[in-house]
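Engineer: I would like the atomic coordinates for the input below:
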Amino acid sequence: MLELAIEARRGSFHLKVECRLISPWTVIFGPSGAGKSTLLRILAGLDRSRPGEQVQARVQFRDRLLTDTAQKTWIAPGQRASAFVTQHPALFPHLSVTENVAFGLRHLDRATRAERVREMLALVDAEDLADRRPQHLSGGQAQRIALARALARTPNLLLLDEPFSALDGTASDALLARLQQWLRAHNVQAVLATHDVTDALATESEVLLLQEGRQIALGPAKEVLAAERSRMLARLESS
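Structural biologist: Sure, this is the predicted structure:
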């Protein structure tokens, strides 16, 4: 379970969210500018107050307090047992795909590390890319490798910010299905931010609906996104 109470002010923008995320898979849904990325960065421990900004946050995951600005408690991102994947993969350009995925696995022996890399590349359907360098990958391929690298360390919490934006609908749906199965098997809770309603409706998810920094609703996707689903079907029928 992920418990959060977050309030952030940046200029005229004001984000305020307080809830408990108990589902293994939660989608943060809302239009661009709703605060999805800001919320994920605070959950990841990457967004702290800077001059001219104000962030008040309390984040607790599985009974471990990660952030509490009131108590000046802040666990560094690398110590949170979490992984954060964005739509802009930050792969190491001088390393091969295999070396990128293996980067955080230096604590494992060589055979175990190699097996973990193979498993992750198979999960994201990228086994044929093992020897390539990032500059020779398409946008979608790079996103797959970034996800494989994040999962290789088997995090307890996976945060995803529009991570499949460069994939077409069919590829994205297939990857989401495999990813959810893997996460369930490894008891990993995931939070996905998206403005694409199909990402939310394609999965059995809980949805946190954000609009202009405000928490509008939290519940099953079919209920929270009923209006969005109706609008999408109407557009399909009229096309």
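Engineer: packing partners for the host helix or strand of Leu176?
Structural biologist: In the assignment (DSSP states H and E), Leu176 maps to helix 169-185. Under the contact criterion of 3 or more Cβ pairs under 8 Å, 6 or more residues apart in numbering; DSSP states H and E, helix 169-185 touches helix 110-123, helix 139-152, strand 189-194, helix 197-201. All C-beta atoms are positioned from the backbone trio N, CA, C, and that covers glycine.
Engineer: Check which residues of the first one are buried.
Structural biologist: This points to helix 110-123. Residues of helix 110-123 classed as buried by neighbour count (16 or more other Cβ atoms under 10 Å): 113, 116-117, 120-121, 123.
Engineer: Low-confidence regions, this structure specifically.
Structural biologist: 48-52, 202-204, 228-239 (pLDDT under 70).
Engineer: In three-state terms, label the spatially most central residue of the chain for me.
Structural biologist: With distances taken as Cα atoms, centre = their mean, the residue of the chain nearest its centroid is Leu160 (1.1 Å). Classification of Leu160 using DSSP: H, G, I helix; E, B strand; the rest coil returns strand.
Engineer: didn't it look like it was pressed against Val85?
Structural biologist: Yes. The pair Leu160 and Val85 passes the contact test of Cβ atoms under 8 Å, sitting 5.2 Å apart.
Engineer: Next, show the common contact partners of those two.
Structural biologist: Overlap of the contact sets of Leu160 and Val85 (by Cβ atoms under 8 Å, 6 or more residues apart in numbering) consists of Leu147.
Engineer: need the helices and strands packed on helix 169-185 in a markdown table with distance to Gln71, can you?
Structural biologist: Below are the helices and strands packed on helix 169-185 laid out as a markdown table (distance: least, Cβ to Cβ, whole Å):
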| stretch | distance to Gln71 |
| --- | --- |
| helix 110-123 | 36 |
| helix 139-152 | 29 |
| strand 189-194 | 23 |
| helix 197-201 | 34 |
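Engineer: Domain-wise, how is the chain divided?
Structural biologist: Under the assignment automatic domain parsing, the domains of the chain span 1-34+48-81+168-239, 92-154.
Engineer: can you redo those as JSON lines with distance to Arg41?
Structural biologist: As requested, the domains of the chain are arranged in JSON lines below (distance: least, Cβ to Cβ, whole Å):
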{"stretch": "domain 1-34+48-81+168-239", "distance to Arg41": "9"}
{"stretch": "domain 92-154", "distance to Arg41": "15"}
